[in-house]
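J.: Show me the folded form of this:
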Amino acid sequence: MKTIVINMDGENYNIDLNELEFNNGLAIYSIKKKSWRYNEEIEYTGVVDESGVIVLPHQAYYMNIDIFPGKSLIVKVRKGNDEGTVTWTETRHYKYNGFRMEMVNDKISSSYEKVSNTVIKTSTIDECGKKCQVLYDVVIAQTISEYFSKIGDFEMRPNGEELACATTRLEVGERSYDMDCYINKSGVIRSPIYNSYQNNIMIFDTQSICFIH
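T.: Numbering: from 1, shown residues only. As a prediction, this is how the structure comes out:
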């Protein structure tokens, strides 16, 4: 590997690629620069490949960067209005195509959780406009689970599988009730579905699972 030189506002900064931690062919680099306006040190972060090519130019508003296989990134970006009075977080899925970084999805929840090397748990909106949780495969850029009201933590279960309890909340008149099942990290339902309203177990085949929404 080698050292690359990055120029910012007339100053050169050396980035030693040997000191970076590469993951799936990419690494996060950082530059600390003193702000002339606020008299404080600001950290700029970006992403570089093993040959020293900058694939995601450094910015100060990146809050977090996760690298996934297939040269995909999940990046939390701090956004704000022109006056700086309102700020929010936007989470984006980028993929490097060998020439440039393309944005694949800018609707990832800022509170996403990495559950495997390729999959995250994230919040989204279903076709009825309700907030829900899904498993999203970053490498193939697809939702791989059903839409659930809540997906719990993945834990090793008595059957030897690492599963999470997934809950769908249904509204019946003025009442609501939960339908629970267990899913694996591939989004596959691995248990019967418990209906708390009728206090029974329901088993659906793959063609009828959609009826639990």
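J.: ranges for the helices of the chain?
T.: For the chain, helices defined by DSSP state H do not occur.
J.: what about it, any weak spots by pLDDT?
T.: 1, 36-38, 82-86, 194-213 (pLDDT under 70).
J.: can we see that at 50?
T.: Confidence mapping of the chain against pLDDT under 50 gives the ranges 203-213.
J.: just checking, Tyr112 touches Ile74?
T.: Yes: Tyr112 is within contact range of Ile74, at 6.7 Å (criterion: Cβ atoms under 8 Å). Glycine gets a C-beta too; all of them are placed from N, C-alpha and C.
J.: Residues in contact with both of these two, list them for me.
T.: Counting by Cβ atoms under 8 Å, 6 or more residues apart in numbering, the shared contacts of Tyr112 and Ile74 are Thr91, Ile120.
J.: count of residues packed around the residue nearest to Phe68 when sequence neighbours are not counted?
T.: Closest residue to Phe68 apart from its sequence neighbours, by Cβ to Cβ, 6 or more residues apart in numbering: Val138 at 4.4 Å. Using other Cβ atoms under 10 Å, Val138 has 28 other residues around it.
J.: before we move on, what about Ile120?
T.: As a burial measure, Ile120 scores 21 neighbours (other Cβ under 10 Å).
J.: so it makes contact with Glu113?
T.: Yes: Ile120 lies in contact with Glu113 (Cβ under 8 Å); the separation is 6.3 Å.
J.: I'd like to know how far the closest residue to Gly52 other than its chain neighbours sits from Ser191.
T.: Leaving aside its chain neighbours, Gly52 sits nearest to Ile4 (4.5 Å; criterion: Cβ to Cβ, 6+ apart). Counting by Cβ to Cβ, to the nearest Å, the gap from Ile4 to Ser191 is 51 Å.
J.: what do you get for Leu163?
T.: To Ser191, Leu163 is 7 Å away according to Cβ to Cβ.
J.: Now do the shared contacts for these two.
T.: Residues touching both Leu163 and Ser191 (Cβ under 8 Å, 6+ apart): Tyr182.
J.: These two: who's more crowded?
T.: Shown here are Leu163 and Ser191; by other Cβ under 10 Å, Leu163 has more neighbours (22 against 18).
J.: Let me see the contact set for the more buried one.
T.: Residues near Leu163 by Cβ under 8 Å, 6+ apart: Phe154, Glu155, Arg157, Tyr182, Ile183, Asn184, Arg190, Ser191.
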